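[1] please work out how this folds:
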Amino acid sequence: MRRKEGKNMEKARKQVEPRPYSLPDAAELLKKVHFAKFDETVELAINLGVDPKHSDQMVRGTVVLPNGLGKAMRVLVIAGGEKVREAEEAGADFVGGDDVIQKIQEGWTDFDAVIATPDMMRSAGKLGKVLGPRGLMPNPKTGTVTFEVARAVREVKAGKVEFRVDKAGIIHSPVGKISFDAAKLAENARALLAAILKAKPAAAKGKYVKKVVLTSTMGPGILIDPAEVDAALAAAA
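    Now for the predicted structure:
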C-alpha cells in the first residue's frame, strides 16, 4: 500500500512544474493530481518573516472563509442563563455550564469549536490543559470569549477559521476540501491571505510574506505566485 502511495505521489509531483502558480491554477492542478480515496483537506502554508519567540511578532487571528470549509462544525457553547437559549437558537450543537466543563475534564472532546461567555471563563480556565493543545481554548482575541454567543456560533458554522503562526514562523490553515471548485478554493485562500496581511505586527521588519504553498492532505505542495500576495494586500487595504 505504501509503495503504491509512493508511486502515486511521485507521479503527482512530476506534474507540478518548478515555478510559481496563480491560486486558481494551483487549485486546479491540485485537483487534477489528486489520488487519495477520500475528500482531502486543502491547506495553505505561509512562511512569514517574523520571530514568534517575541510576543510583539506573534501573528494570530480569524477569518470567515467565503465558501466555508466543507465540514459541519460541531460547536460547544459554555454559558448560563439566557445565553443558553440564545446559543441553542443560533445552532450550537452542545450548550452547558459547569456540567459540560466537568464532562470535558473527564475526557469528552466530541466537538470542533468552543465558545464561552466571559463570566464562565473562571470555571472554563480549568480546561486549558485539555483544550489548549487541541487549539480549542476560548480566547477573546479570536472572538470565542464573548457575550454575543449567537453571532459567534453563526460565524463558526459559516466557516470561520483561526490562524496562528507556529514556532518556525509558518501559518498552516485549511481553505476547503479537494472536492471544492478550484475557483472557490482560490477565493478562500485569498480571504485567508488578506486576513494574515491585516494581522501583520508593527514589529515585523523586512519581507513579511516569504513563501506561500498550496497543498492537500496527501498531495504535493504547489508554490504560489507572489503576485497573489500583492493582490491580497490590495484587497486588505
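[2] any idea of the pLDDT on A231?
    Looking at A231, its pLDDT is 81.
[3] separation between it and N188?
    14 Å (C-beta to C-beta, to the nearest Å). (C-beta placed from N, C-alpha, C; glycine too.)
[4] show me what contacts the residue nearest to A124 when sequence neighbours are not counted?
    Distance criterion C-beta to C-beta, 6 or more residues apart in numbering; nearest residue to A124, sequence neighbours excluded, is A116 at 4.8 Å. A116 makes contact with V77, I78, A79, A124, P138, T144, V145, according to C-beta atoms under 8 Å, 6 or more residues apart in numbering.
[5] and what of I78?
    By C-beta under 8 Å, 6+ apart, the neighbours of I78 are G96, G97, V100, I101, V114, I115, A116, T117, M120, S123, A124, P138.
[6] kindly recompute the last result at 10 Å.
    The contact partners of I78, by C-beta atoms under 10 Å, 6 or more residues apart in numbering, come to 84, 87, 94-101, 104, 114-117, 119-121, 123-124, 127, 138, 144-145, 149.
[7] pretty sure G206 contacts Q57?
    No - applying C-beta atoms under 10 Å, one finds G206 not in contact with Q57, separated by 11.4 Å.
[8] look at these two and report which has more neighbours.
    Q57 (19 against 7; other C-beta atoms under 10 Å).
[9] how many neighbouring residues does the residue nearest to that one when sequence neighbours are not counted have?
    Spatial nearest neighbour of Q57, excluding adjacent residues (C-beta to C-beta, 6+ apart): V50 at 4.2 Å. V50 has 22 neighbouring residues, counting by other C-beta under 10 Å.
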